[in-house]
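**Student:** Give me a 3D structure for the following:
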Amino acid sequence: MAMLHSSGYIDPDVKILIEKLAQVYKLGGKSKQLTLDGTPSRPYPVARINGVKVRGPPISEARFRVLEEIPHDFEVVAVDAAARILFDAGSYKIVAAKVVAGVWKGVQRIKLLGPYKRLQLFDDLKQAGDWLAEVELEAVLRLAREHNSSFILLDRPLVFSRGSRAARAYEMILRKNWRIIGIPKTTSLKVSSGESLVGYLYRLGEKYFKGLPWVYYPVFESSKIQPGGLSVSVARLSGEAPPFRVDTPFVMAERLDAEETASILAYLQDFSSPGYPLPLKIVHELSRISENELDLDRSLLMEDLSRSGLSVRLVEDAAGSEYKSRYIWGMS
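**Tutor:** Predicted structure coming up:
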């Protein structure tokens, strides 16, 4: 007999409660969350943003919306930068970045800026990542001043290290109320079960909206997680392509919801790049640094350094680091 019976509780209720709790905490040897009616609880998005763990609302098919392209001639500014290590001296690295930006009116290209290159020395690659974001945002500021009603597209999440120069440049963009959108090609967002969020939504979308373009939102929405807040959705812009994460500032999402944003982006596709905005694809392709180009830049840098008597020391340090990577640690 249940002990709670002595306090007036009905035995069947107590037994059912205990059985459900046993299922919640020990189902098949694994912890699995259940709802009170015994059905598995819905997974939810999880992420860590600037060191803060955030959780989105439980995933539901009701958050999907089927997309229709919105034809438009809005000005679009697209920026991308690629980075490669010119020299790895072990204790420091010399990193090169190649930047390309462009302006489109709808799907018609108006002009390109670049490619131009930047160069910097770093103690670690985290600093290099912050610098690359700063380089891209500098290009945004340069172009958007002339095209201040444009949509700004970046191939990155709209999350920047607190206190970094990139974060300050981003805040400057927000103060001007420019419409900025981040569309990273890859994302580490997960659901609470540990699966990839984008993969999970893709499979769920195929179940209900097979072969159709859609947008799922919100994944996360917060006005306080960072300056300007953050709104994250996932959009499949074409029924023939995979979905992508889409970031906007929370303050922008209040004026233009994720469905409208995704419909505007869907119009920027090209038959050669279904599922991804053509302006971003073009600046990405033009910003790539090939191996031949990297070798040439190394040679040119060595010529510049030789005039200062630094080339020999740099080669010695870089050679030692390369030897350890290739022959001791087995890295190519």
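**Student:** Tell me which stretches of this structure form strands.
**Tutor:** Ranges of strands in the chain, per DSSP state E, are 45-49, 52-55, 64-66, 75-88, 93-105, 108-122, 151-154, 179-182, 190-191, 214-222, 230-236, 244-248.
**Student:** Just send those back as a markdown table, with distance to Asp270 too.
**Tutor:** No exception for glycine: its C-beta is placed from N, CA and C like everyone else's. Converted to a markdown table, the strands of the chain look like this (distance: least, CB to CB, whole Å):
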| stretch | distance to Asp270 |
| --- | --- |
| strand 45-49 | 30 |
| strand 52-55 | 34 |
| strand 64-66 | 21 |
| strand 75-88 | 13 |
| strand 93-105 | 11 |
| strand 108-122 | 11 |
| strand 151-154 | 14 |
| strand 179-182 | 18 |
| strand 190-191 | 31 |
| strand 214-222 | 19 |
| strand 230-236 | 16 |
| strand 244-248 | 15 |
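**Student:** Quick check: which of those strands is buried the most?
**Tutor:** strand 230-236 (a mean of 27; mean count of other CB atoms under 10 Å).
**Student:** now it against strand 214-222, angle please.
**Tutor:** 170 degrees (axes from the mean of the first three to the mean of the last three CA atoms, to 10 degrees).
**Student:** TSV please, covering the strands of the chain and showing mean pLDDT.
**Tutor:** Shown next, in TSV, are these (pLDDT from 0 to 100):
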stretch	mean pLDDT
strand 45-49	90
strand 52-55	88
strand 64-66	94
strand 75-88	91
strand 93-105	93
strand 108-122	91
strand 151-154	95
strand 179-182	94
strand 190-191	90
strand 214-222	94
strand 230-236	96
strand 244-248	96
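**Student:** closest to Ser299 out of those?
**Tutor:** Each of those has some distance to Ser299 by CB to CB; the shortest is strand 75-88, at 10.4 Å.
**Student:** ok, the closest one: who's next to it in the sheet?
**Tutor:** Paired strands of strand 75-88, with direction, are strand 93-105 (antiparallel), strand 151-154 (parallel) (DSSP bridges).
**Student:** of all those, which lies closest to Val54?
**Tutor:** The closest of the strands paired with strand 75-88 to Val54 is strand 151-154. By CB to CB, the value is 20.6 Å.
**Student:** Mark out where each domain of this protein begins and ends.
**Tutor:** Listed by automatic domain parsing, the domain ranges of the chain are 1-41, 64-287, 291-328.
**Student:** Could I get the pLDDT score of Ser325?
**Tutor:** You'll see Ser325 listed with a pLDDT of 37.
**Student:** can you give me the helices in the stretch 151-300 of the chain?
**Tutor:** Listed in chain order, the helices of the stretch 151-300 of the chain (DSSP state H, counting those that start in this stretch) span 165-175, 197-209, 250-253, 258-267, 278-287, 291-306.
**Student:** Mean neighbour count added to those helices, as TSV?
**Tutor:** Shown next, in TSV, are these (neighbours: other CB atoms under 10 Å):
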stretch	mean neighbour count
helix 165-175	17
helix 197-209	17
helix 250-253	20
helix 258-267	21
helix 278-287	20
helix 291-306	13
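**Student:** In terms of mean pLDDT, which of those helices ranks lowest?
**Tutor:** Among the helices of the stretch 151-300 of the chain, helix 291-306 carries the lowest mean pLDDT (a mean of 84).
**Student:** now for that one, which elements pack on it?
**Tutor:** The helices and strands touching helix 291-306, judged by 3 or more CB pairs under 8 Å, 6 or more residues apart in numbering; DSSP states H and E, are strand 75-88, strand 93-105, helix 311-323.
**Student:** the inter-axis angle of the longest one versus strand 108-122?
**Tutor:** With the same axes, to 10 degrees as the basis, strand 75-88 and strand 108-122 are set at 30 degrees to each other.
**Student:** May I ask you to name the longest helix in the protein?
**Tutor:** helix 125-144 (DSSP state H).
**Student:** Now tell me what touches that one from outside.
**Tutor:** With CB atoms under 8 Å, 6 or more residues apart in numbering as the test, helix 125-144 has contacts from 77, 79-81, 83, 93, 95, 97, 99, 101, 103, 113-114, 118, 120, 122, 150, 152, 154, 156, 160-161, 164-166, 169-170, 172-173, 176, 178, 180.
**Student:** And the pLDDT at Leu21?
**Tutor:** Listed pLDDT for Leu21 reads 71.
**Student:** For the longest helix of the chain, what is the distance to the chain centroid?
**Tutor:** Centroid separation between helix 125-144 and its chain, computed with CA atoms, centre = their mean, to the nearest Å, is 15 Å.
**Student:** Many thanks, I have nothing further to ask.
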